[in-house]
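S.K.: got a predicted model here, sequence first, then my questions.
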Amino acid sequence: MLIQTLHGAAREVIERAGEAYPGGRYAFEVLVRRHAREEAALRDGLDHLVDGYAAVAATVMDFVDSGLEPEHVEVLENGWPCSW
């Protein structure tokens, strides 16, 4: 006997079809949202909105997708260089 959640069944179907399961991306988004809620400035501005943390999650995912690495954080913390 196998007891399986709907999520588990969907994952198995995707994997049997030879597709990659996109679970890591979802988990990362959940972690970004949780961390954002721990930051007072973000919580104060976003907590009262319906899905207010979606913008934070999307922005962080864009940074990751663009290749942002830990060594780039110092540049972001010190301000983006500007040539204007």
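M.R.: Happy to help now that I have it.
S.K.: can you give me the helices in the protein?
M.R.: Along the chain, counting by DSSP state H, helices occupy 6-16, 23-38, 40-46, 54-65, 73-78.
S.K.: state the distance from Arg43 to Ala54.
M.R.: Separation of Arg43 from Ala54 (CB to CB, to the nearest Å): 15 Å. For glycine as for every other residue, the C-beta is placed from the backbone atoms N, C-alpha and C.
S.K.: brain fart, Val64
M.R.: Separation of Val64 from Ala54 (CB to CB) stands at 16 Å.
S.K.: do the same with Asn78
M.R.: Distance, Asn78 to Ala54, using CB to CB: 28 Å.
S.K.: more neighbours, these two?
M.R.: Ala54 (13 against 8; other CB atoms under 10 Å).
S.K.: so who does that one touch?
M.R.: With contact set as CB atoms under 8 Å, 6 or more residues apart in numbering, Ala54 has no partners.
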